[in-house]
Each structure stands twice: as structure tokens, then as C-alpha cells.
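Enquirer: Any chance you can model this:
(chains A and B)
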Amino acid sequence: MADVLSLDPLVVGVILAMTVVTVLTKVGGIWLVRRVELSERLQAGLDVLPGAIVIAVLGPELAAGGPAEWGAAALVVAVMWRTESILLALLTGVVGVVSLRALL
Amino acid sequence: MATDSESDAVAPRDSSAATGGGGGPERDDAPDADAVRFDREGVRAGFLTGIPVAIGVGGYGIAFGVLASQAGLSVAEAALMSATVLAGASQIIAVELWAHPIPVATIVATTFAVNLRYSLMGAALQPWFRRLSPAQIYGSLVMMADENWALTMRDLQSGSGRGAFLLGSGIALWLCWVGATILGVFAGETIGDPGRYGLDFVLAAVFVALAVDLWEGRSTLAPWLVALGVSVVTANVLPGRWYILLGGLAAAALEVVRRDG
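Expert: Numbering: from 1, shown residues only, chains lettered A, B, ... in the order given. Next up is the predicted model:
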């Protein structure tokens, strides 16, 4: 490790550019919907977004995995369903995936 | 569609929110923007609820730090990226694209594309954020990441009215994310493959848990199947993370179309 505190000006510039475009994406959506009156239909569409986005993140990730990941995901569902504790579900998932990868 | 009758039962949502209580029996989560407060208690609740998830995200942060060190970033550079960008997937993809000379345009454009989903996530918060001031809204949104957005949706849908929850959970996440990044860069040479400790599964596990939480019964099934199908197909066709955006939009479009039948 050369110098832990080194800050290359070009690298800092790239990071700041990444920051600017990321902030634009984070605030852009609500900025837009605050300026248009939402119909009931659009509101219904927005209501399903949270779950749909979660599924859209998960789908390809699990599809790319194997039996170990699928089994661990099933464990997370079971623990979350019964306990509603994210931490417990998370721990089960991580321990589960490590064990299943060793077993399968 | 089989779920029409059920979704019709909750159709008359009160868009003005002035009278509140627009929800049916299975829907006590009708957004009532007037009841949403932005206060210290909300920040505190968000922070405390966010800690367990933030610790999990810390595992992901260590993975990012390891990748950043392998890409040749210094501790200061990796920490600066985590502190200002605060968007895990795009950061990991960025350091994977890292090369000499740095492909600046590719990295910035990819970051934008990967993070476009945040526009949808932010828009989904609008029903509760309507009465908050622009400073409160945009200040909170800068601290938004996948995990604390999902926690916040859960909290607001339960009718807590805690408008500052996103900010509080974002602070917990930010602290763990930046701290774990620094640890990860230092550990970079010794830890080897983060998959060995299951750290690569943390994000998936968080999202599976959240999906269980966001499940609202059979009316949820059709939009979720559409999101699943579209995302899996587009992930195989398009590069980057466009599939998240397209899957979410397809499900929302279905809901807009099938409302009113």
C-alpha cells in the first residue's frame, strides 16, 4: 500500500462526477412527481413500485445463483415470515448460504 | 385477471389525503401526508431500526473496500467515494470498470444508469413526503440507498408518520458503509474472496426479507410476476442494471392499465 491518504486529482474528479449524477437520480424522481398532479391510476402504479423494485433486484440475482443461494433465500423467507426480524433473517441467510455452499 | 376483485376493493384511494383513512380493512397503509412529521424522534427511530441492516450492509462495504483496493484506490479515495456517492452497486461496478487510463465517461454514464432506479424509489415516497419542506425532502433523499429506502417504505406503510425515518436510517447506513469501506481496503490483501464468508449474499438476503414484508396478499402477485419476468429477461439482454428500472416500470404500468379494468 503506497500511501493510504493519497488523493489523485483525477480520481477525486471522477468520484465527484459520480456523486453529482447519483444525487440527480436520487432527487430527480420526486422532483418530477411533485410537479405533476397524480391521477388515481398513476398513484396505484406508484403504490406497487416498492415491492416490484425489490422483486426486480432479486429476480436476476437469484436466477444467477444456484441451489445454495435458493435454499438460503428460502430460509430467509421462512425466518422473516415467522419472526419479522430482519437481523435474524439476514444472519440465517448468510450462515445458510455459507453452509449450503460447503454441503452442495 | 384473478386478482381484479381484490384490487377493486381498495381502488377508491383518496388522492387529496385530506380526509385520510382511505384504506380498506386489509390496507391500513393509505398515505396520509398530513400526519407525517419530520422530527428528532423519526431520525432516532430510523437510526435504531437501521443499525441491524447497516451492520449487514457493512459486510457488503467490506467487499467494496476489497475490490477498491484491488483496483488501486487508496483508503482516502475509496472512503471519499463511499461517503459521497453512497450507492453500493454502482460503486462496485465503477471499481470493476477502473483501469489505466481511467475510462471517465464510461464510469460516470454507468453510474447514472445503475442509479436511475433511485428516481423511482424517491418517487414512491412522494405520497408521504407531500407536506414536508424541500430541504427536508431533498436532504433525506441524498441519504437514500436501497436498504434504508426499503426500511422507510415499511415504516411509512405501517402508518408511523415518521417523515425523518429515511434520514435517520440513512445516517446509520452511511456510518457503517464508510467504516466498512475503510476496513475493506485495509483487509484487501488478506481477506481473499468475500464470497467465502457469505458477504456476497447480504444484499440478496436483505431484499428477500423486505419482499416478505412488502407482500400484501394476492393483489401483489400479478405485478410481482411481471416485475420478475421482465427483470430476469432484460438482465440477460441488456448490460448494467437496467433490469431493475424496467422490471419496476413494467409492474407499475400493469397496475395503471388494470385499474378501472
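
Enquirer: anything in stretch B:99-109 near chain A?
Expert: Yes. Shown here: stretch B:99-109 in contact with chain A (Cβ under 8 Å from any Cβ of the partner chain) through B:102, B:104, B:107, B:108. Where you see a C-beta, it was placed from the backbone N, CA and C, and this is true even at glycine.

Enquirer: Filter those residues down to the ones in helices?
Expert: With DSSP state H as the criterion, helices contain B:104, B:107, B:108 from among these.

Enquirer: ok, the second one - contacts?
Expert: Spelled out, that is residue B:107. A:14, A:18, B:94, B:97, B:98 (Cβ atoms under 8 Å, 6 or more residues apart in numbering or on different chains).

Enquirer: State the distance from the second one to residue A:98.
Expert: Looking back up the chat, that one is residue A:18. 32 Å (Cβ to Cβ, to the nearest Å).

Enquirer: for the stretch 51-200 of chain B, which spans come out with low pLDDT?
Expert: B:189, B:191-195 (pLDDT under 70).

Enquirer: And the helices in chain B, which stretches?
Expert: Using DSSP H, helices in chain B cover B:4-9, B:40-70, B:75-84, B:88-97, B:104-115, B:117-129, B:134-142, B:146-157, B:165-191, B:202-214, B:221-237, B:242-258.

Enquirer: Identify the residue nearest residue 51 in space, chain neighbours excluded?
Expert: Using chain A. Leaving aside its chain neighbours, residue A:51 sits nearest to residue B:214 (4.0 Å; criterion: Cβ to Cβ, 6 or more residues apart in numbering or on different chains).

Enquirer: let's do chain B instead
Expert: Using Cβ to Cβ, 6+ apart, the closest residue to residue B:51 is residue B:172 (5.1 Å).

Enquirer: Correct me if wrong: that neighbour contacts residue B:45.
Expert: No. The pair residue B:172 / residue B:45 is not scored as a contact, 10.9 Å apart, by Cβ atoms under 8 Å.

Enquirer: Which one of the two is surrounded by more residues?
Expert: Neighbour totals were compared for residue B:172 and residue B:45, and residue B:172 leads with 24 against 18 (other Cβ atoms under 10 Å in any protein chain shown).

Enquirer: For the more buried one, give me its contacts.
Expert: With Cβ under 8 Å, 6+ apart, residue B:172 has these contacts: B:46, B:47, B:48, B:50, B:51, B:53, B:54, B:148.

Enquirer: re earlier: in terms of neighbours, single out the busier of residue A:18 and residue A:98.
Expert: For residue A:18 versus residue A:98, neighbours defined as other Cβ under 10 Å are more numerous around residue A:18 (24 against 18).

Enquirer: List the buried residues of stretch A:58-69.
Expert: A:58, A:59, A:60, A:61, A:62, A:65, A:68, A:69 (16 or more other Cβ atoms under 10 Å in any protein chain shown).

Enquirer: Looking at these, which are in helices?
Expert: Checking the buried residues of stretch A:58-69 against DSSP H, those in helices are A:58, A:59, A:60, A:61, A:62, A:68, A:69.

Enquirer: need those in JSON lines with pLDDT and distance to residue B:70, can you?
Expert: Compiled in JSON lines, those are given as follows (pLDDT from 0 to 100; distance: Cβ to Cβ, whole Å):
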{"residue": "A:58", "pLDDT": "90", "distance to residue B:70": "27"}
{"residue": "A:59", "pLDDT": "93", "distance to residue B:70": "29"}
{"residue": "A:60", "pLDDT": "92", "distance to residue B:70": "24"}
{"residue": "A:61", "pLDDT": "89", "distance to residue B:70": "22"}
{"residue": "A:62", "pLDDT": "93", "distance to residue B:70": "26"}
{"residue": "A:68", "pLDDT": "96", "distance to residue B:70": "25"}
{"residue": "A:69", "pLDDT": "96", "distance to residue B:70": "24"}
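
Enquirer: restrict those residues to those near chain B?
Expert: A:58, A:59, A:60, A:61, A:62, A:69.

Enquirer: quick one: residue B:124 and residue A:50 touch, right?
Expert: Yes. Look at residue B:124 against residue A:50 with Cβ under 8 Å: they come within range, at 5.4 Å.

Enquirer: which neighbours do those two share?
Expert: Common neighbours of residue B:124 and residue A:50 (Cβ under 8 Å, 6+ apart) are residue B:153.

Enquirer: As JSON lines, the helices of chain B with distance to residue A:84 would be great.
Expert: Formatted as JSON lines, the helices of chain B follow (distance: least, Cβ to Cβ, whole Å):
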{"stretch": "helix B:4-9", "distance to residue A:84": "23"}
{"stretch": "helix B:40-70", "distance to residue A:84": "12"}
{"stretch": "helix B:75-84", "distance to residue A:84": "30"}
{"stretch": "helix B:88-97", "distance to residue A:84": "25"}
{"stretch": "helix B:104-115", "distance to residue A:84": "30"}
{"stretch": "helix B:117-129", "distance to residue A:84": "21"}
{"stretch": "helix B:134-142", "distance to residue A:84": "25"}
{"stretch": "helix B:146-157", "distance to residue A:84": "10"}
{"stretch": "helix B:165-191", "distance to residue A:84": "17"}
{"stretch": "helix B:202-214", "distance to residue A:84": "7"}
{"stretch": "helix B:221-237", "distance to residue A:84": "20"}
{"stretch": "helix B:242-258", "distance to residue A:84": "24"}
